[in-house]
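>>> Below: sequence and its predicted model.
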Amino acid sequence: MERKKIRIAVVGVGNCASSLIQGIHYYRPRGAEECIGLLNYEVGGYRPGDIEVVAAFDIDKRKVGHDVNEAIFALPNCTQVFCADLPVSGVKVSMGKILDGYSEHMAQFADDRTFLPSSDAEPTQAEVVEQLKHAGVDVLMNYLPVGSQKASEFYAECALEAGCAFVNNIPVFIASNPEWAERFKMRNIPIIGDDIKAQLGATIVHRTLGNLFKMRGVKLERTYQLNTGGNTDFLNMLNRERLSSKKKSKTEAVQSAIPQRLDDVNIHVGPSDYVPWQNDNKVCFIRMEGKLFGDVAMNLEMRLSVEDSPNSAGVAIDTIRCAKVALDREMGGIVEVPSAFFCKHPPKQIPDDDSYAILMEEWV
């Protein structure tokens, strides 16, 4: 008996999409006992291999017009290849809508480090909606660069018109914007967001340490989180004007895990610099200063090194399945618990232990 599929569309065929698509093929032939690195083998009866990409959009001429399983390995992508032998998918990457999805400062860098915009005509909203409908898309995944507010809103609008669930993986505020949330609710279409947490990344580790301080009675007085990386995401974020929502998203994710909010001067959480030779490796430095018993000072310093995009894909593969389960259950609007557990800036912050328990009981 053939298994039910989850048909997805990907906006932005970058490193994160590359890791996700590689992962779908990597896990497809494997049973539960072989699936190392997954939080859940099944979510609502769906396995990783049940996901298939049926539409994709990008603006880079090295990707537009190419089979998506070929395009995920094209420059400027630089993530680790862990599943290279992919079949031809038959899905061509379509030209996407540019809007603010491309920062002009990136033109200053070498070709293998930046986008090379395609000369193909940009699609209208009606054309994207028709393509999503024709492909029978269940879930639209937003992987646009940080700061792509207008472009993200364009694709959110397309999802609404096409009836697709929308997963907002980036730190522009769609799910956490009450007006957008209400629109998805009125159309009875699920939305998960905003800003995906990595499987074991800087934010979830920082939150866990903050919660540990709280549980052990340590007063946290100040903290920072500094991150460096060499992928296109970090290059894009050299334009500090595109960073405001990213910094807010990461900061709020940490603030929500500590008992008392820190003053702005005592907390710094955010991307720090672009180091080209790091490629998709992300290095995070966390420092936390506080007071123990007797008002005695202490500090903690930690260094975390991860491959950024597989770290994201380890969560994305569950958000896709939760979005499809929400569709099956005819749940419209914010999908609250998956948003809280999987995203940095959900509409409602829920402690990780609590959201995990509900997720395991009601979704898995």
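That came in fine, so what should we check first?

>>> low pLDDT regions in the stretch 101-250 of the chain?
110-111 (pLDDT under 70).

>>> Three-state assignment for M141, please.
Put simply, M141 is strand when judged by DSSP: H, G, I helix; E, B strand; the rest coil.

>>> who are the neighbours in contact with T208?
Going by Cβ atoms under 8 Å, 6 or more residues apart in numbering, T208 touches 257, 352. C-beta here means a position set from N, CA and C on the backbone, and glycine is covered the same way.

>>> Nearest residue to the most centrally placed residue in the chain in space, please, no chain neighbours.
Note on the chain: the residue nearest the mean C-alpha position is N169, at 3.1 Å, using Cα atoms, centre = their mean. With Cβ to Cβ, 6 or more residues apart in numbering as the criterion, N169 has its nearest non-adjacent residue at 4.3 Å, and that residue is I196.

>>> from memory the one you found sits against I317, does it?
No. Using Cβ atoms under 8 Å, I196 is not in contact with I317; the gap is 11.0 Å.

>>> about what we covered before: separation between the residue nearest to N169 and E182?
Counting by Cβ to Cβ, to the nearest Å, the gap from I196 to E182 is 23 Å.

>>> more crowded one of those two?
A direct count of neighbours by other Cβ atoms under 10 Å for I196 and E182 places I196 higher, at 28 against 12.

>>> thinking again about what came up before, ok, now which ones touch the residue nearest to N169?
169-170, 312, 315-316, 319, 342-344.

>>> mind running it again at 6 Å?
169, 312, 315, 343 (Cβ atoms under 6 Å, 6 or more residues apart in numbering).

>>> Return the list of helices and strands in contact with the helix or strand where the third one lies.
Secondary-structure assignment from DSSP states H and E places V315 in helix 308-328. Here helix 308-328 is seen to pack against helix 15-27, strand 165-168, strand 190-192, helix 336-342 when contacts are counted using 3 or more Cβ pairs under 6 Å, 6 or more residues apart in numbering; DSSP states H and E.

>>> got the contact list for the next helix or strand along the chain from the first one?
I take that to be helix 15-27. Downstream of helix 15-27, the next assigned helix or strand under DSSP H and E is strand 51-58. Strand 51-58 has contacts (Cβ under 6 Å, 6+ apart) with 5-11, 13, 24, 64, 68, 91, 93-94, 96, 131, 135, 137, 320.

>>> Give me the mean pLDDT for the next helix or strand after strand 51-58.
Once the chain leaves strand 51-58, the next helix or strand it forms, by DSSP H and E, is helix 68-71. Across helix 68-71, pLDDT averages out at 98.

>>> Pull out the buried residues from helix 68-71.
68-69, 71 (16 or more other Cβ atoms under 10 Å).

>>> Return that helix as CSV; C-alpha atoms alone will do.
Taking C-alpha atoms only, helix 68-71 is exported to CSV below (Å, rounded to 0.1, in the frame of the first residue of the first chain):
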residue,chain,number,x,y,z
VAL,A,68,15.8,21.1,-7.8
ASN,A,69,17.8,18.1,-6.8
GLU,A,70,20.7,19.5,-8.9
ALA,A,71,20.1,23.2,-7.9
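
>>> ok now it, how far from the chain's centre?
20 Å (Cα atoms, centre = their mean, to the nearest Å).

>>> Do you have the strands of the protein handy? List them.
For the chain, the strands defined by DSSP state E cover 6-11, 51-58, 93-95, 139-142, 165-168, 190-192, 219-229, 267-274, 281-291, 297-307, 333-334.

>>> helices or strands next to the third one in the packing?
Packed against strand 93-95, as judged by 3+ Cβ pairs under 6 Å, 6+ apart, are the following elements: strand 51-58.

>>> Measure how far the strand it packs on is from the centre of its chain, please.
The chain centroid and the centroid of strand 51-58 are separated by 16 Å under Cα atoms, centre = their mean.

>>> That strand pairs with which strands?
Looking at strand 51-58 with DSSP bridges, its partner strands are strand 6-11 (parallel), strand 93-95 (parallel).

>>> List of residues touching the shortest one?
Contacts made with strand 93-95 from outside it, assessed by Cβ under 6 Å, 6+ apart, are listed as 13, 56-58, 63-64, 66, 68, 71, 118, 120.

>>> now, among those, which is nearest to A257?
Each of the contacts of strand 93-95 was scored against A257 by Cβ to Cβ, and V13 proved nearest at 33.0 Å.

>>> hang on, the earlier thing: residues in contact with the residue nearest to the centre of the chain?
Neighbour list for N169: 142-143, 196 [criterion: Cβ under 6 Å, 6+ apart].

>>> With T228 instead?
272-273, 275, 283.

>>> List buried residues within the residues you listed.
272, 283.
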